[in-house]
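**Student:** Structure for the following, please:
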Amino acid sequence: MDIVRAKVFRFDPEVDHAPRFETFEVPYVPQMRVLDVLDYIHETLAQDIGYRWFCGVQKCGCCALRVNGRELLACWEPAQVDMVIEPLKHVPLVRDLVVDRGPFEDDLMRLETWLQRSKPHPGFPEPLFHRAMVPAIEALKCLACLACQSACPVLEDDGNTGFIGPAPLVQLAQFALDPRDGADRGRTAAIEGGIFQCISCYKCQEVCPTEIPLVDGIIEPLKRKAIASAPEKAAHTRAFLDIVEERGYIDPVQLVLKTRGLAALTRPGWALRLLLRRKVDPRKSVFPKRHKGVAQVRKLFEKMRGRRS
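**Tutor:** Got it, this is the predicted structure:
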């Protein structure tokens with residue numbers, strides 16, 4: 001590989017009428033990173049290009065962007081022969097590859113992401129055992145790079161779902177899973193965070209540069225707290241369970257109807273994507289059939305209800 005061809009997103013809202021892509025050819029050197037490509041472009045080809053980085057060693061998260069459609073850290077990703085480099089999605093754009101982190105910081109204030117004790121601590125040094133902190137340790141690995149926020153498909157819905165996104169919820173989990181914290185984080189996750197709009201698709205987890213188990217270790221524990229604190233907000237969970245108990249399987253169309261109403265399915269783009277990806281079968285929704293194992297499924301539900309009572 002002698003040359004790296006980088007097709008870079010360019011847009012300055014103060015000057016440009018519309019976004020565009022500009023292609024640069026950069027001489028390849030061994031061990032070259034995406035960040036090195038951008039540095040070369042800035043130093044020799046386009047001094048006005050906007051991008052952001054700070055530490056360069058996968059610690060600050062400032063250099064997060066998208067390469068060939070995937071979220072990553074520019075300082076940690078090897079350069080490829082052909083690259084399309086774009087800014088993160090679902091975050092306001094400042095210029096070129098630079099995004100505005102202000103709304104994310106505002107979300108953290110709204111979620112009150114600081115330690116809130118229900119009783120005074122006994123003083124310093126405070127006794128704190130590793131075992132008690134294990135649930136929060138994964139959340140504390142977060143770089144706040146916003147890669148997960150960009151990858152979240154729920155946020156594609158123009159912000160109409162009420163879902164705050166995975167990035168602020170990871171910050172909330174740092175305290176929700178901390179045994180010293182006394183605030184009702186479950187209710188905050190449900191009401192302010194809209195956590196029940198999360199579909200646990202693992203897209204956020206797939207792009208996390210520090211490999212945090214975002215769904216199993218962060219989102220799902222927060223959902224359990226949210227169900228306990230604000231069960232009235234768990235419409236998606238209740239609808240999911242009701243459909244499975246009734247039919248023995250999940251019907252995506254019925255799930256959408258029960259949680260978002262008929263208007264969601266009348267949106268042409270959304271409905272078409274569901275059909276093309278074979279996520280829905282209108283015939284099964286219009287003429288539903290109970291699964292042959294539905295009796296066993298219902299027994300499981302009854303068994304779980306018995307355990308709770």
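**Student:** Quick one: low-confidence residue ranges for the stretch 101-250 of the chain.
**Tutor:** 158-160 (pLDDT under 70).
**Student:** would you list every one of the helices in it?
**Tutor:** Secondary structure of the stretch 101-250 of the chain (DSSP state H, counting those that start in this stretch): helices at 102-111, 130-137, 147-151, 166-176, 185-191, 203-207, 220-229, 235-247.
**Student:** Need these in JSON lines (columns: mean neighbour count).
**Tutor:** From N, CA and C alone the C-beta is placed, and that goes for glycine too. Below are the helices of the stretch 101-250 of the chain laid out as JSON lines (neighbours: other CB atoms under 10 Å):
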{"stretch": "helix 102-111", "mean neighbour count": "15"}
{"stretch": "helix 130-137", "mean neighbour count": "13"}
{"stretch": "helix 147-151", "mean neighbour count": "27"}
{"stretch": "helix 166-176", "mean neighbour count": "25"}
{"stretch": "helix 185-191", "mean neighbour count": "23"}
{"stretch": "helix 203-207", "mean neighbour count": "20"}
{"stretch": "helix 220-229", "mean neighbour count": "19"}
{"stretch": "helix 235-247", "mean neighbour count": "16"}
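**Student:** Any chance of JSON lines for those, columns distance to residue 123?
**Tutor:** Shown next, in JSON lines, are the helices of the stretch 101-250 of the chain (distance: least, CB to CB, whole Å):
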{"stretch": "helix 102-111", "distance to residue 123": "28"}
{"stretch": "helix 130-137", "distance to residue 123": "18"}
{"stretch": "helix 147-151", "distance to residue 123": "37"}
{"stretch": "helix 166-176", "distance to residue 123": "21"}
{"stretch": "helix 185-191", "distance to residue 123": "25"}
{"stretch": "helix 203-207", "distance to residue 123": "39"}
{"stretch": "helix 220-229", "distance to residue 123": "28"}
{"stretch": "helix 235-247", "distance to residue 123": "41"}
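**Student:** So what's the residue count around residue 142?
**Tutor:** 21 (other CB atoms under 10 Å).
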